[in-house]
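**Q** any chance you can model this:
(4 chains)
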Number of protein chains: 2
Amino acid sequence: MAKDTGSLRALRRTNSERLLSALMEHGALHRAELARICGVSRTTVSTIVADLVMGGVVMEVVGDQVAEAGIDASEVDGRARGFLQANPAAGAAAGLDFTLERVWGHVTDLSGTTLASDGATVARDTPWQERLTTGLALLDELLSKAALDRDALVGVAIGVPGPIDLQSGVVGPSLPGQAWAGVNVSAEFGRHLAVPVLVGNNTRLEAVAEFTWGAGKGARDVLYLGLSTGIGSGLLVDGNLHHGGARGGGGEVGHISADPAGAPCPCGNRGCLVQYASLNAVLKALSFGDIDELLAAAEAGDDDTVRVLREAGEHTGRVLANICNLLNPERIIVGGELARAGDLVLEPIRATLRRSAMALTRDADVVAAELDLGARAGASGAAALVLRQTDQLVAALLAGAELKSNEAV
Amino acid sequence: MAKDTGSLRALRRTNSERLLSALMEHGALHRAELARICGVSRTTVSTIVADLVMGGVVMEVVGDQVAEAGIDASEVDGRARGFLQANPAAGAAAGLDFTLERVWGHVTDLSGTTLASDGATVARDTPWQERLTTGLALLDELLSKAALDRDALVGVAIGVPGPIDLQSGVVGPSLPGQAWAGVNVSAEFGRHLAVPVLVGNNTRLEAVAEFTWGAGKGARDVLYLGLSTGIGSGLLVDGNLHHGGARGGGGEVGHISADPAGAPCPCGNRGCLVQYASLNAVLKALSFGDIDELLAAAEAGDDDTVRVLREAGEHTGRVLANICNLLNPERIIVGGELARAGDLVLEPIRATLRRSAMALTRDADVVAAELDLGARAGASGAAALVLRQTDQLVAALLAGAELKSNEAV
DNA sequence: GGGTTTGTGTCAAGAGTGTGAACGAACTAT
DNA sequence: ATAGTTCGTTCACACTCTTGACACAAACCC
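**A** Residues are numbered from 1 along each chain as shown, chains lettered A, B, ... in the order given. The predicted structure is shown next:
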């Protein structure tokens, strides 16, 4: 089979893809509606759907599931519709998120439902080869928990610290001692996995998680800001994730200068935002040991704490105002540990933004991240990144379905 | 005809589009090569090409034109190839650029060759309705010069000052007295033109011109900076023109703050870049009347002039460093009148950028705009914008070709 | 309750598209 | 001049989608 040149087969594949994509996007549909959406005849829909059901990619919705899917079929005249939906269990997406001392793994089905999620700690000085095997072991463990094997995966995404060069795919240096620096993560994991491997920066993956399931849902121009040890960001431009620029070095909001007259930063600039609004900077200014002390003091209304958080927010707001004038996002999501301070940091951001940005760009919504800010966010974002690649995903599913239907015959 | 639902026709159309796109991208190809590139059989290529030739969209390259197209067919064995190329005369693209006191029009063929280009002046207080008729008259005049009629157009793009709201398509307010404020330019021109009408900000269109034909050729992540009366910009993200954000307010680099402690700006911010690096600001600081005086003094080596230009460059460089850390463009193009000062302003930009941006993002090329910086740039960019929409363009050509081939029968 | 309306899903006939194999054409190398 | 190579075209064939017709199922109308 698979004489793929055949452009008549390509037509059928194209139509199959359209049908499946429509089902994944709209949830559950009946054949006639599907035909209208995709611009093909009901006949064609029926024949293709029969194949897809045979391949296990699509399933008929029966009985209670109809109500569950939130369809009211009773409102209209005519024959009852046979509803169809993409089979969430036709495949799985996995994400692995490597931070300095931890690996977190996350496996979801195609609807984004979490099947398994867990983490493991690693020593700071662990070389990347060892991290890789640890990550793969974690992945296999999660898969077995979910009663799946690697064949079920439609893709895997890997989160690492630091920038990823767009052309070479190699991770660039960021912090000294970055374990993955100089490694082509996609290629290395590709040796062990038979599916596409995507790579992204940790913070950008958190952003993807928010775009997909959190505060960024439905928006097309979003900036996610991660106020953590460092300050990273993820950017959604017209519905597409920004790739990080020519050498993947983009998104470093933490080293945008909030004050050109400020203190020098190791990066070469002066008055970088990290000096005012990173978790480290705030803790240091208040001599707190960790975020919980900070939050306790904030809740108690400690003046110094409120002031430092306000100043952090104001500096952040000034930087955001500049970004708004450049890109005019419709929504700004603030995440990272410091976002747990809530309005104490968000309100100063909003006020400064409204004061400093231009009339047309200043009304961006500034909202807190919705997803849990723990270690899981990056890994779930990685899985989300896989699910976002609808095209590849659909193609993978169809290839798999073709195999299965052939086996069946 | 044109029962467009027919998905078999869709297949043929898809293949026709692929063939035509390949021809437009690669220049000139023979049938076998075309088949290899598009993944279809030579048979199919032959039949489709026959139709396209009939429709006038594609033409056979004969005689001297072969050498002209830069093909050496002699190097290989086998039968001589019949080369094909997209017919540049199969359609035309037009751009109209409205500035405060001028309209400029530009008409090109499909290869981007200028067919006609001219301008007209209008009074500052002319309402938009009158500007519209002036523009259309100019367009018709240019078309008649080029011996074309409106049917030949595959699209028109309009440049206006100010932001364009993404959802509504309405021009937002910018300068007081902006003639187009509140107008849906695309819809209004659409009443008079039977082709797609695109709308863009003046500066962004200059950027498109540079991306397409000037200093931005071949790059995928580019920032164009227009240092003129105001400071605007155009942004290319991974090969796509940035649309200006949620409300079209993006790109306002001039109101990014270069110094939070600087003087207040009417926009609400402090120390905006326009205060240091706009043409007006520089002229005012040196008490010059126009750009020519400035350039003369610069060439004469006047210390004050050199200093002010250096400071303008340094402020610009600081702002660009922040943008580089956010988006990591591979190339930055500096245009607008002030760019005529050349290295006197570019070198300080480069030096500041190298000092202030992060290691990975600081090596963006900073180059001067290549195209003439006169009134023509915006209009030619508008035409380029039309040519960039390859999909729509190809679709329009095929529709036209189908008509013509039917007429022929 | 029965007839009508509306809309769904499937079947057979028909039209259109792309492919593969085979063939003639044209050019290079020996 | 001959062999080898590649190109462009022709024809039978296989495949896909559509159209029109029909059976079916629910809701509406009287």
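**Q** now the angle from the lengthiest helix in chain A to helix B:303-327?
**A** Criterion DSSP state H: the longest helix present in chain A is helix A:303-327. Helix A:303-327 and helix B:303-327 are oriented at 100 degrees to each other (axes from the mean of the first three to the mean of the last three C-alpha atoms, to 10 degrees).
**Q** what comes up buried for helix A:303-327?
**A** A:305-306, A:308-327 (16 or more other C-beta atoms under 10 Å in any protein chain shown). For every residue, glycine as well, the C-beta is placed using N, CA and C.
**Q** counting by contacts, list what that helix packs against.
**A** Under the contact criterion of 3 or more C-beta pairs under 8 Å, 6 or more residues apart in numbering or on different chains; DSSP states H and E, helix A:303-327 touches strand A:222-227, helix A:274-277, helix A:279-286, helix A:291-299, strand A:331-335, helix A:343-356, helix B:303-327.
**Q** where does pLDDT dip in chain A?
**A** Residues of chain A meeting the criterion pLDDT under 70: A:1-6, A:63-80, A:174-177, A:373-374, A:403-409.
**Q** and the residue of the stretch 201-350 of chain A that's closest to DNA strand D?
**A** Nearest residue of the stretch 201-350 of chain A to DNA strand D, counting by C-beta to the nearest atom of the strand: A:Gly239, 27.9 Å away.
**Q** what sits against that residue?
**A** A:Gly239 sits next to A:Arg220 when contact means C-beta atoms under 8 Å, 6 or more residues apart in numbering or on different chains.
**Q** which residues does the residue sitting nearest the centre point of chain A contact?
**A** By C-alpha atoms, centre = their mean, chain A has its centre lying nearest to A:Val208, at 2.3 Å. Contacts for A:Val208 (C-beta under 8 Å, 6+ apart) come out as A:Gly200, A:Gly234, A:Leu241, A:Gly381, A:Ala382, A:Ala384, A:Leu385, A:Arg388.
**Q** want to throw those residues into CSV with distance to A:Ala116 and neighbour count?
**A** Listed next are those as CSV, based on distance: C-beta to C-beta, whole Å; neighbours: other C-beta atoms under 10 Å in any protein chain shown:
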residue, distance to A:Ala116, neighbour count
A:Gly200, 21, 27
A:Gly234, 24, 31
A:Leu241, 25, 19
A:Gly381, 16, 32
A:Ala382, 14, 32
A:Ala384, 15, 24
A:Leu385, 18, 27
A:Arg388, 20, 21
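**Q** not counting sequence-adjacent ones, nearest residue to A:Ala123?
**A** Sequence neighbours aside, A:Glu101 is the residue nearest to A:Ala123 in space, at 7.3 Å (criterion: C-beta to C-beta, 6 or more residues apart in numbering or on different chains).
**Q** distance of that neighbour from A:Arg150?
**A** 27 Å (C-beta to C-beta, to the nearest Å).
**Q** so between those two, which is more surrounded?
**A** The neighbour comparison of A:Glu101 against A:Arg150 (other C-beta atoms under 10 Å in any protein chain shown) goes to A:Arg150, with 16 against 11.
**Q** surely that one and A:Leu193 touch.
**A** Yes: contact criterion C-beta atoms under 8 Å: A:Arg150 and A:Leu193 qualify, at 6.9 Å.
**Q** on that earlier part again, against A:Ala377, how distant is the residue nearest to A:Ala123?
**A** On the measure of C-beta to C-beta, A:Glu101 and A:Ala377 end up 16 Å apart.
**Q** and for A:Ala351?
**A** On the measure of C-beta to C-beta, A:Ala351 and A:Ala377 end up 27 Å apart.
**Q** which one's more surrounded, the two?
**A** A:Ala377 (28 against 15).
**Q** how about the contacts made by the closest residue to A:Asn322 other than its chain neighbours?
**A** Leaving aside its chain neighbours, A:Asn322 sits nearest to B:Ile256 (4.4 Å; criterion: C-beta to C-beta, 6+ apart). Taking C-beta under 8 Å, 6+ apart as the contact definition, B:Ile256 lies against A:Asn322, A:Asn325, A:Leu326, B:Cys272, B:Leu273, B:Val319, B:Asn322, B:Ile323.
**Q** again, but for A:Glu347
**A** A:Glu347 neighbours (C-beta under 8 Å, 6+ apart): A:Gly313.
**Q** make it 6 Å
**A** Contacts for A:Glu347 (C-beta atoms under 6 Å, 6 or more residues apart in numbering or on different chains) come out as none.
**Q** in the stretch 101-250 of chain A, which residue sits closest to chain B?
**A** A:Gly245 (2.5 Å; C-beta to the nearest C-beta).
**Q** so that residue sits right up against B:Asp221, yeah?
**A** Yes: the criterion here is C-beta atoms under 6 Å, and A:Gly245 meets it with B:Asp221 at 5.4 Å.
**Q** more crowded one of those two?
**A** Ranked by neighbour count (other C-beta under 10 Å), A:Gly245 and B:Asp221 place A:Gly245 first, with 28 against 24.
**Q** pull the number of nearby residues for the one residue in the stretch 251-400 of chain A that gets nearest to chain B.
**A** Relative to chain B, the nearest point of the stretch 251-400 of chain A is A:Asn328 (2.5 Å; C-beta to the nearest C-beta). Neighbour count of A:Asn328, defined by other C-beta under 10 Å: 28.
**Q** number of nearby residues for A:Glu188?
**A** 17.
**Q** and A:Asp151, by the same measure?
**A** Other residues close to A:Asp151 by other C-beta under 10 Å number 12.
**Q** pull the contacting residues for it.
**A** Contacts of A:Asp151 (C-beta under 6 Å, 6+ apart): none.
**Q** can we see that at 8 Å?
**A** A:Ala194.
**Q** and the residue of the stretch 251-400 of chain A nearest DNA strand D?
**A** A:Leu398 (12.5 Å).
**Q** with the stretch 151-300 of chain A instead?
**A** For the stretch 151-300 of chain A, C-beta to the nearest atom of the strand, closest residue to DNA strand D: A:Val154, 22.9 Å.
**Q** OK, contacts around that residue?
**A** So A:Val154 contacts A:Gly91, A:Ala92, A:Ala93, A:Leu110, A:Val195, A:Val386, A:Gln392, A:Leu393, A:Ala396, A:Leu397 (C-beta under 8 Å, 6+ apart).
**Q** want to throw those into a markdown table with secondary structure and neighbour count?
**A** Converted to a markdown table, the contacts of A:Val154 look like this (DSSP: H, G, I helix; E, B strand; the rest coil; neighbours: other C-beta atoms under 10 Å in any protein chain shown):
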| residue | secondary structure | neighbour count |
| --- | --- | --- |
| A:Gly91 | coil | 26 |
| A:Ala92 | strand | 26 |
| A:Ala93 | strand | 28 |
| A:Leu110 | coil | 20 |
| A:Val195 | coil | 19 |
| A:Val386 | helix | 27 |
| A:Gln392 | helix | 15 |
| A:Leu393 | helix | 22 |
| A:Ala396 | helix | 19 |
| A:Leu397 | helix | 25 |
